[in-house]
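> what would the 3D arrangement of this be:
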Amino acid sequence: MELSPKKTLNFDNTEVAFRNKSNGELNAAYWLFKIISSNFLTKVGPPITNFFMNIGMPIKGIIKATIFKHFCGGETIAECEHTIAQLNSGQVGTILDYSVEGEEEEEVFDFTCEEIIRTIERAAGDNRIPITVFKVTGIGRFGLLEKLDAKQELNAAETAEFEKVKQRCEKICRAAFDKNVPVMVDAEETWIQDTIDLLALDMMRLFNKESIIVYNTYQMYRHDKLADLKADHLIAKAEGFILGVKMVRGAYMEKERKRAEEMGYPSPIQPTKEASDKDYDESLRYSMANINDIAIVCGTHNEQSSRLLAQLLDEYNIDHNHPHVYFAQLLGMSDNLSFNLSDAGYNVAKYVPYGPVKAVMPYLFRRAQENTSIAGQTSRELGLIMKEKKRRKL
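Just a heads-up that it's a prediction; the model follows:
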């Protein structure tokens, strides 16, 4: 295979990072990150916002025009069209992510299942939407998954309920297989994750024989996940399917540590950030050494890991746009990674969350808090925006 010409990666190139943003959009991002950088506002904002929304205060418009507009594509798939086109203008793909969570009713699970299938149908034949995604808690009750993970016996009604969860999961993955659109199964809390892992592995057995359709997510801030990835790879090799791996650092650290402490079991989280980074980077090395039977989505906002994967592709003589390798970031964050990687010929896609404003609020609050808790993330975003504003003035 003839390799594409190599471009030097420069994550400080703000001209490439922000060239699809107008001056107005750049200014809006500047003020949003200024607000997010205030820890006080990030802490008091969620309860105040929820209170106002619950009493019917008309703040939906303000939220939709500010934080929602920055981190989400719209309230519907159709409303995401502008974002899809804008990302594509920088050769960055869209991952449509229906971000409604925390529901409990069967009819909501059925609706969510159908909505995820609509994202797959929307992605079919459109190379601007290369991957789709869903959460198992979007199609099944958290408490049920918790009971399964705890190895508690289900009663007849719960057994029937879990059968429906499995059917929804297979229905989504079958639609992905039929339309040839890869789908990722998101990771969740450790005390429901074993059940999710088993479901994802079953879906890979069914649909990953010929090409990559289903990915499972491995949270490398867990000290057991690198070993799990290697064990799953052995299963995939033995049974003849491609292992789909989305690797992330993780999303529930404070919650995980608190629960472990309260319930008196050892924390599943790595003791240090360095340990998470080490396992994350090792998972990239392991996957690149086994590129024929592992397909990866490198979900990270970490410059060092992004650079490492780019170097590994060159070391192993793997084409930058190999179909088994994707970089992924969240909409509204780390444009310096996404657009500079795509400019250098790598496969890149952004998570584009969408859904009704009120239903997506938990997601938005997490993003705001994540930006203040990840060391230097907000100041890094602000610094890059300021650098680009200055460049444009000159």
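> could you pull out the strands for the protein?
Along the chain, counting by DSSP state E, strands occupy 93-98, 131-134, 183-185, 214-219, 243-248, 294-299, 325-330, 348-354.
> how about those in CSV, adding mean neighbour count?
Where C-beta positions appear, they are placed from N, C-alpha and C, glycine not excepted. Below are the strands of the chain laid out as CSV (neighbours: other CB atoms under 10 Å):
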stretch, mean neighbour count
strand 93-98, 26
strand 131-134, 26
strand 183-185, 26
strand 214-219, 27
strand 243-248, 24
strand 294-299, 26
strand 325-330, 24
strand 348-354, 25
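> Asn340 is nearest to which of these?
Asn340 sits nearest to strand 348-354 of all those, at 9.2 Å, using CB to CB.
> that closest one packs against which elements?
Other elements packing on strand 348-354 under the criterion 3 or more CB pairs under 8 Å, 6 or more residues apart in numbering; DSSP states H and E are helix 81-88, strand 93-98, strand 325-330, helix 335-343, helix 357-373.
> mind running it again at 6 Å?
Here strand 348-354 touches strand 93-98, strand 325-330, helix 335-343, going by 3 or more CB pairs under 6 Å, 6 or more residues apart in numbering; DSSP states H and E.
> in the protein, which helix or strand is least confident?
helix 39-54 (a mean of 60; mean pLDDT, DSSP states H and E).
> center of the protein, which residue is that?
Nearest to the mean C-alpha position of the chain, by CA atoms, centre = their mean, lies Tyr351 at 5.8 Å.
> what sits against that one?
Ile95, Asp97, Leu330 (CB atoms under 6 Å, 6 or more residues apart in numbering).
> buried residues, the helix ranked longest in the chain. List them.
Criterion DSSP state H: the longest helix present in the chain is helix 156-179. Within helix 156-179, the residues scored as buried using 16 or more other CB atoms under 10 Å are 158, 161-162, 164-165, 168-170, 172-177, 179.
> what is the burial count for the closest residue to Tyr316 other than its chain neighbours?
Sequence neighbours aside, Met288 is the residue nearest to Tyr316 in space, at 5.3 Å (criterion: CB to CB, 6 or more residues apart in numbering). Other residues within reach of Met288, judged by other CB atoms under 10 Å, total 21.
> then Lys255?
12.
> from Met263, how far off is the residue nearest to it when sequence neighbours are not counted?
Spatially, and ignoring its direct neighbours in sequence, Lys255 is nearest to Glu189 (6.9 Å; CB to CB, 6+ apart). Distance, Glu189 to Met263, by CB to CB, to the nearest Å: 13 Å.
> with neighbour numbers in mind, choose between the two.
Per other CB under 10 Å, whichever of Glu189 and Met263 has more neighbours is Glu189, with 19 against 8.
> what's the distance between the more buried one and Phe365?
17 Å.
> cool, Tyr286 as well?
Taking CB to CB, one finds Tyr286 at 34 Å from Phe365.
> one more: Lys358?
12 Å.
> what residues of stretch 301-314 count as buried?
Quick answer for stretch 301-314 (16+ other CB under 10 Å): His301, Asn302, Glu303, Ser305, Ser306, Leu308, Leu309, Ala310, Leu312, Leu313.
> just put these in a markdown table and tack on pLDDT and distance to Ala123.
Output for these, formatted as a markdown table (pLDDT from 0 to 100; distance: CB to CB, whole Å):
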| residue | pLDDT | distance to Ala123 |
| --- | --- | --- |
| His301 | 93 | 24 |
| Asn302 | 94 | 27 |
| Glu303 | 95 | 29 |
| Ser305 | 97 | 26 |
| Ser306 | 98 | 24 |
| Leu308 | 98 | 29 |
| Leu309 | 98 | 24 |
| Ala310 | 98 | 26 |
| Leu312 | 98 | 28 |
| Leu313 | 98 | 25 |
